[in-house]
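Colleague: Model the following, please.
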Amino acid sequence: MSRKIETLESQKQELEDSMNSSRHQEYVRKEMDKIRAEGKMPENSVSDTHKIIKEAERRVKERGDNS
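Modeller: Below you'll find the predicted structure:
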């Protein structure tokens, strides 16, 4: 029965990482909404949705909002 001993610092780091990931996902979702509103990329299939996701991730990374 080996259990990982968690320290306050490790819990704090885990929470910070989780918050950053959540924030990044929120930025990507907002960017996806903007892309859809632009109407330049049709969304008629799963492949189209994947293209929108990739474009949103690219834009977020370009802006540096993935902190």
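Colleague: Now do the longest helix along the chain, average pLDDT.
Modeller: Using DSSP state H, we find that the single longest helix of the chain is helix 8-38. The pLDDT scores in helix 8-38 average 95.
Colleague: how about that helix: buried residues?
Modeller: 24, 27-28, 31-32, 35 (16 or more other C-beta atoms under 10 Å). From N, CA and C alone the C-beta is placed, and that goes for glycine too.
Colleague: quick one: contacts of whichever helix or strand comes after that helix?
Modeller: The helix or strand immediately downstream of helix 8-38 is helix 46-63, counting by DSSP states H and E. With C-beta atoms under 8 Å, 6 or more residues apart in numbering as the test, helix 46-63 has contacts from 24, 27-29, 31-32, 34-36, 41-43, 66.
Colleague: would you turn these into JSON lines with distance to D17?
Modeller: Listed next are the contacts of helix 46-63 as JSON lines, based on distance: C-beta to C-beta, whole Å:
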{"residue": "H24", "distance to D17": "11"}
{"residue": "Y27", "distance to D17": "16"}
{"residue": "V28", "distance to D17": "17"}
{"residue": "R29", "distance to D17": "19"}
{"residue": "E31", "distance to D17": "21"}
{"residue": "M32", "distance to D17": "23"}
{"residue": "K34", "distance to D17": "26"}
{"residue": "I35", "distance to D17": "27"}
{"residue": "R36", "distance to D17": "29"}
{"residue": "M41", "distance to D17": "31"}
{"residue": "P42", "distance to D17": "36"}
{"residue": "E43", "distance to D17": "31"}
{"residue": "N66", "distance to D17": "13"}
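Colleague: now the longest helix of the chain against helix 46-63, angle please.
Modeller: 120 degrees (axes from the mean of the first three to the mean of the last three C-alpha atoms, to 10 degrees).
Colleague: For helix 8-38, which helices and strands make contact with it?
Modeller: Here helix 8-38 touches helix 46-63, going by 3 or more C-beta pairs under 8 Å, 6 or more residues apart in numbering; DSSP states H and E.
Colleague: Mean confidence (pLDDT) on the helix it packs on, please.
Modeller: Helix 46-63 carries an average pLDDT of 95.
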